[in-house]
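Chemist: Could you look at this predicted model? Sequence included:
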Amino acid sequence: MDRFAELDVVRVVMLRHANREFRGTDVVARQPQVGDVGTIVHEHGAVGSEDPVVVEMVDNGGATVWVADFERSELELVQRP
């Protein structure tokens with residue numbers, strides 16, 4: 001399993017909870033989907049722990065599509081800052 005840290009860019013590779021709680025900008029908000037790419041904006045535990053992470057996806061205009069908690073196993077690393 002990848003060790004993620006804040007500001008890592010990640011891709012959603014599976015959804016263990018398809019209808020999860022999320023927040024987003026009213027006009028563009030939607031549920032996260034497999035294939036979405038976002039940035040880790042918060043770790044609930046210590047760096048490198050197995051605790052969930054908060055990921056945010058924004059659209060090209062900078063509006064938040066979703067912000068949601070993910071288990072690390074649902075994500076794969078795309079890019080490190």
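Modeler: Cool, the structure landed. Owing to the predicted nature of the structure, the values given are computational and were not obtained by experimental measurement.

Chemist: going forward, measure contacts and count neighbours with C-alpha atoms only.
Modeler: Will do.

Chemist: How about Glu50, nearest residue that isn't a chain neighbour?
Modeler: In space, and not counting its chain neighbours, Glu50 is closest to Arg72: 6.8 Å by Cα to Cα, 6 or more residues apart in numbering.

Chemist: Centre-most residue in the protein?
Modeler: Nearest to the mean C-alpha position of the chain, by Cα atoms, centre = their mean, lies Val55 at 2.6 Å.

Chemist: Okay, the residue lying farthest from the centre of the chain and Ala63: tell me how far apart.
Modeler: What lies farthest from the middle of the chain is Val27; by Cα atoms, centre = their mean that is 19.4 Å. Counting by Cα to Cα, to the nearest Å, the gap from Val27 to Ala63 is 9 Å.

Chemist: try Val78
Modeler: According to Cα to Cα, Val78 and Ala63 sit 21 Å apart.

Chemist: More neighbours: these two, which one.
Modeler: Per other Cα atoms under 10 Å, whichever of Val78 and Ala63 has more neighbours is Ala63, with 15 against 12.

Chemist: sorry, back to before: how close does the residue nearest to Glu50 sit to Val28?
Modeler: 25 Å.

Chemist: Look at these two and report which has more neighbours.
Modeler: When Arg72 and Val28 are compared for neighbours, Arg72 comes out ahead with 20 against 12, by other Cα under 10 Å.
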